[in-house]
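# give me a 3D structure for the following:
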Amino acid sequence: MDTLYLEGSPSQIQPSERDSQSEEPNLISELVSKRCQGLQCIHKTARRVLAQLQQEQELMSTNQNWNAERYQQSAAYVPELGKSLIDWLKPQVGERILDLGCGNGTLTLSLIEAGAEVTGIDADPSMIAAAQAKGIDAQLQSATDLEFDSQFDAVFSNAALHWIRPPEKVIASVYRALKPSGRFVAEFGGAGNVEVARTALVEGLNRRGFDGSTYDTWYFPTPVEYQALLERGGFEVQQIELYQRPTPIGLSARDWFKNFAGIFLEPIPVDERDAFLDELIPAVETKLPQNEQGFLKDYVRLRFVAVKQ
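You can find the predicted model right below:
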């Protein structure tokens, strides 16, 4: 009798000549069934692991590690300059508002002071801890997979969306979180934002043998590009603009790089990172204007108001 091989099996199955023809198909069927059940179990486990890894990756989709204490000390201008966006939001007493990328909660408090009921979300544990220390309802969540369904009158976001990819998933997630006719009001980096530092970082990595473009994960779209994404995501764009906003960052650009360029430093050994910045900072600073507050970073901001249809 011919030897029977089962694909993927480590052993050969040689049924005895004494086995009846009726028993052979039963044995084969049983072995195939068990093998299929095993494969199904493996596939289910793999899917669970993949889903968990994807969730963890999306939770950290900002591609940036933050230090809430350092951010408060050297980047307090970020929420301060974002206060004018609240005028675009026009928060109403009793409204439920989601602050997406709430950071340490500085702007979130301004929304609460306006009489709104505010929940903040951020993907960084240190920022969430800092916001919670201010008494804010702040939750660790991914902006690409918000755990809300038609719960908010408005979603507000300042200086966060350029950290998060893919933008289509953020827009879809915000859409789900909003009530019908809810508002999505945000500001973030637009086309041309921090171009001097961005170019220097990419070129600096290239000189060290890395492909600097692979570490350039910032998302700085044009108004036309982002409006198209919003409209495809079910929003009506009521207002959108791109504007220049030279931003004072102090007497040295080093704190700015440490706060905001972490992803570019990842391939550089820790003990070489200061030397890497020493190579870049003088060239960057010579290209930046100055005032009495120090260097003015070449910020370009995109802000908009969109309504869920």
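# so where is the protein shaky, pLDDT-wise?
Where the chain drops to pLDDT under 70, the residues are 1-79.
# so where do the helices sit in it?
Counting by DSSP state H, the chain has helices at residues 23-59, 68-74, 77-81, 85-89, 106-113, 125-133, 167-177, 195-207, 223-232, 254-260, 262-265, 273-285.
# what residues does the fourth one touch?
Counting by CB atoms under 8 Å, 6 or more residues apart in numbering, helix 85-89 makes contact with 97, 107, 110-111, 114, 154, 156, 158, 183, 185-187, 239, 303, 305, all of which sit outside it. (C-beta placed from N, C-alpha, C; glycine too.)
# and those residues, which is closest to Val202?
Among those, Glu187 lies closest to Val202 (CB to CB), at 24.7 Å.
# and that closest one, how many neighbours?
24 (other CB atoms under 10 Å).
# wait, it sits on Val300?
No: if you go by CB atoms under 8 Å, Glu187 and Val300 don't touch, sitting 11.1 Å apart.
# buried residues, stretch 132-146. List them.
For stretch 132-146, burial by neighbour count (16 or more other CB atoms under 10 Å) applies to 132, 136-139, 141-146.
# end-to-end on that stretch?
19 Å (CA to CA, to the nearest Å).
# ok, now stretch 210-229?
32 Å.
# who touches it?
63, 161-165, 167-168, 171, 189-194, 198, 201-206, 237, 240-242, 263-264, 266-267, 300, 302, 304.
# and stretch 109-122, how far apart are its ends?
15 Å.
# ignore what I typed, I meant stretch 208-215.
End-to-end distance for stretch 208-215: 13 Å, by CA to CA.
# just use 407 as the starting number from now, easier for me
That works, and once the first residue is 407, the last one we named lands at stretch 614-621.
# mind listing what's buried along that stretch?
616, 618, 621.
# between these, which is closest to Ser556?
Tyr621 (37.6 Å).
# quick one: that closest one and Asn510, what's the gap?
Counting by CB to CB, to the nearest Å, the gap from Tyr621 to Asn510 is 25 Å.
# tabulate the buried residues of stretch 614-621 in TSV, adding columns for distance to Leu635.
Below are the buried residues of stretch 614-621 laid out as TSV (distance: CB to CB, whole Å):
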residue	distance to Leu635
Phe616	30
Gly618	26
Tyr621	24
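# for these, which one is nearest Gly488?
Looking across the buried residues of stretch 614-621 and measuring by CB to CB, the closest to Gly488 is Tyr621, at 26.1 Å.
# not including adjacent chain positions, what is the nearest residue to Pro586?
Once flanking residues are discounted, Pro586 sits nearest to Lys714: 6.3 Å by CB to CB, 6 or more residues apart in numbering.
# contacting residues around the one you found?
By CB under 8 Å, 6+ apart, the residues touching Lys714 are 581, 584-590, 640-641.
# most residues in a single strand of the protein, which one?
Identified as the longest strand of the chain according to DSSP state E is strand 584-595.
# which strands and helices lie in contact with that one?
helix 491-495, strand 558-564, strand 706-714 (3 or more CB pairs under 8 Å, 6 or more residues apart in numbering; DSSP states H and E).
# need the winner for burial among those.
Mean neighbour count (mean count of other CB atoms under 10 Å) peaks for strand 558-564 among the helices and strands packed on strand 584-595, with a mean of 26.
# what helices or strands is that strand leaning on?
So strand 558-564, by 3+ CB pairs under 8 Å, 6+ apart, packs with helix 491-495, strand 502-506, helix 512-519, helix 573-583, strand 584-595.
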